[in-house]
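Peer 1: sequence first, then the predicted structure, then my questions.
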Number of protein chains: 2
Amino acid sequence: MKAKVIIKLKDSILDPQGLTIHHALETLGYKNIESLRSGKFFEIELNVEDKEKASEIVDEICKKLLANPVTEEYQFTIE
Amino acid sequence: MKAKVIIKLKDSILDPQGLTIHHALETLGYKNIESLRSGKFFEIELNVEDKEKASEIVDEICKKLLANPVTEEYQFTIE
C-alpha cells in the first residue's frame, strides 16, 4: 500500500518560505498570484494488506513524527 | 483557482531526509514500512479564471523556480 501525506502549516501560522517564494515570483513577473503556502510531502510504502490498518499506521506516524501538532496539520491518501 | 503542487526527488536520487525518517520510525517500532520518500508541497491561489491559463502559469512556475529540473520532478492539480 502507498500513502501520500501532505503536511501544511496551519492557516494562522506565518509562512516565511511561502512569502519569500511569492515575492520572488512577483519579481519574475507573475503578478496574478494571490497567495502561496509551502509544506511537506511524504510518500510511504507500507507492506500492509488492509487499507484500514495502513490508515491507522499512517495517522499514528503523522501524529508522532511527521507533523508538529502545534503549528502543522496533515492529510493523507492510501492507494 | 487553487493549484496544489507536489515536488519529489527523482527515483534515482538518494533521499537522505527520507532515509533518516524511515530509520527513526523503525526505532519507534514501525517495522512494516518498506520505503519513505520526502518532498515539497505548495498551495498557490491564482486570480485567473481560465483553468488552462492557470495550468500554463503553474507549469512555468514549477519549471522556473519551484522544482530543480536535474534532481526533482513535479506534478500539480488545479481546482
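Peer 2: Done, it's in.
Peer 1: mind listing the helices for chain A?
Peer 2: Applying DSSP state H to chain A gives helices spanning A:16-27, A:51-61.
Peer 1: with mean neighbour count, distance to chain B and mean pLDDT as new columns, can those helices be given to me in JSON lines?
Peer 2: Placement of C-beta: from N, CA and C, glycine included. Shown next, in JSON lines, are those (neighbours: other Cβ atoms under 10 Å in any protein chain shown; distance: least, Cβ to the nearest Cβ, whole Å; pLDDT from 0 to 100):
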{"stretch": "helix A:16-27", "mean neighbour count": "14", "distance to chain B": "6", "mean pLDDT": "96"}
{"stretch": "helix A:51-61", "mean neighbour count": "16", "distance to chain B": "6", "mean pLDDT": "96"}
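Peer 1: now render the ones you listed as JSON lines, adding distance to residue B:68.
Peer 2: JSON lines is the format used below for those (distance: least, Cβ to Cβ, whole Å):
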{"stretch": "helix A:16-27", "distance to residue B:68": "14"}
{"stretch": "helix A:51-61", "distance to residue B:68": "27"}
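Peer 1: out of those, the one nearest residue B:4 is which?
Peer 2: Among the helices of chain A, the nearest to residue B:4 by Cβ to Cβ is helix A:16-27 (13.5 Å).
Peer 1: that's all I had, so thanks and see you.
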